[in-house]
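[1] Here is my input; please provide its structure:
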Amino acid sequence: MIQNEDFQEEIGNNHIATSAVTPLRKDAFDMSDDEKIEHIKKDVENILTTLGMDLTDDSLKGTPNRVAKMFVKEIFGGLNPNKKPSSSTFENKYKYKEMLVEKNIVVYSTCEHHLLPIVGRAHVAYISNGTVVGLSKMNRIVDYFAKRPQVQERLNIQIVQELQKVLGTEDVACVIDAKHLCVNSRGIRDIESSTVTAEFGGKFKEEKTRREFLDYIKLDTQF
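    Numbering: from 1, shown residues only. Alright, predicted model coming up:
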């Protein structure tokens, strides 16, 4: 169903997610990375020229290529399933049955509504049912799903769902506290506010377990 422009603008300005799955076309990976870079390079050239910039200036000559490479290789690299981190798991031989929390994982993402940065921290926890995952893998999973045009709520869900799959347990939680530059640098231009979102699975839906997790990360927000 095609919505009118006012509706689409309202969705974007209010940062509303429409799906827990990243919206990708079926032909998203038909082109190679190098082909995508060449296409995007031309588009960036057109944007800058339309804005009146002089691309013969030494400072700007390389900008279209730099931006195109950054989009494909870096900030949107998480769109490519080939770059998904492998998550080796291990048997929980020491029978640790308490909550494991990895907090203050740096999040660099991009708001899909204005293509401006989302910068903050993710706090991830799970309770092992017999399997554990390397700590660095938790950071890599956060980074992988962050490196795409995102909505913060979706990022929470994707991190939790991936760890649930890797660990074979529903007992996974993720809280993200981040600043959105589409709020901080444009629109309302509130540089102090941040957005806190959460996704709780399994035992973390129980108030006692959820509160223990929030106490670990020293977050007073009520969920």
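[2] mind listing what the residue nearest in space to the middle of the chain touches?
    The centroid of the chain falls nearest to residue 146 when counting by Cα atoms, centre = their mean (2.4 Å). By Cβ atoms under 8 Å, 6 or more residues apart in numbering, the residues touching residue 146 are 78, 107-109, 118, 155. All C-beta atoms are positioned from the backbone trio N, CA, C, and that covers glycine.
[3] Dump the residues you listed into CSV; add distance to residue 28 and pLDDT as well.
    Below are the contacts of residue 146 laid out as CSV (distance: Cβ to Cβ, whole Å; pLDDT from 0 to 100):
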residue, distance to residue 28, pLDDT
78, 13, 97
107, 23, 98
108, 22, 97
109, 18, 98
118, 22, 96
155, 19, 98
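[4] Now the two most distant members of those.
    Largest separation among those by Cβ to Cβ: 78 and 118, giving 12.8 Å.
[5] which residues touch the lengthiest helix in the chain?
    Counting residues, the longest helix found in the chain (DSSP state H) is helix 33-50. Identification of contacts with helix 33-50 by Cβ under 8 Å, 6+ apart yields 31, 55, 60, 63-65, 67-69, 71-73, 80.
[6] Put the buried members of the residues you listed into a PyMOL selection.
    Listed next is the PyMOL selection for buried residues among the contacts of helix 33-50, using 16 or more other Cβ atoms under 10 Å:
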select buried, resi 63+64+67+68+69+71+72+80
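[7] could I get the contacts of helix 33-50 as CSV with pLDDT, secondary structure and distance to residue 179?
    Shown next, in CSV, are these (pLDDT from 0 to 100; DSSP: H, G, I helix; E, B strand; the rest coil; distance: Cβ to Cβ, whole Å):
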residue, pLDDT, secondary structure, distance to residue 179
31, 96, coil, 33
55, 97, coil, 32
60, 97, helix, 28
63, 98, helix, 25
64, 98, helix, 28
65, 98, helix, 29
67, 98, helix, 22
68, 98, helix, 26
69, 98, helix, 26
71, 98, helix, 21
72, 97, helix, 25
73, 96, helix, 24
80, 94, coil, 26
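[8] any idea which of the contacts of helix 33-50 is closest to residue 165?
    For those, the nearest to residue 165 is residue 80 (18.6 Å; Cβ to Cβ).
[9] so where's this structure uncertain?
    1-17, 222 (pLDDT under 70).
[10] Which strand runs longest in it?
    strand 99-111 (DSSP state E).
[11] What are the buried residues along it?
    For strand 99-111, by 16+ other Cβ under 10 Å, it's 99-100, 102, 105, 107, 109-111.
[12] For that strand, what is the distance to the chain centroid?
    9 Å (Cα atoms, centre = their mean, to the nearest Å).
[13] Provide the contact partners of it at residue level.
    With contact meaning Cβ under 8 Å, 6+ apart, strand 99-111 is reached by 15, 75-76, 116-128, 132, 135, 138-139, 142-143, 146-152, 155, 176, 178, 180-182, 209, 212-213, 216-217.
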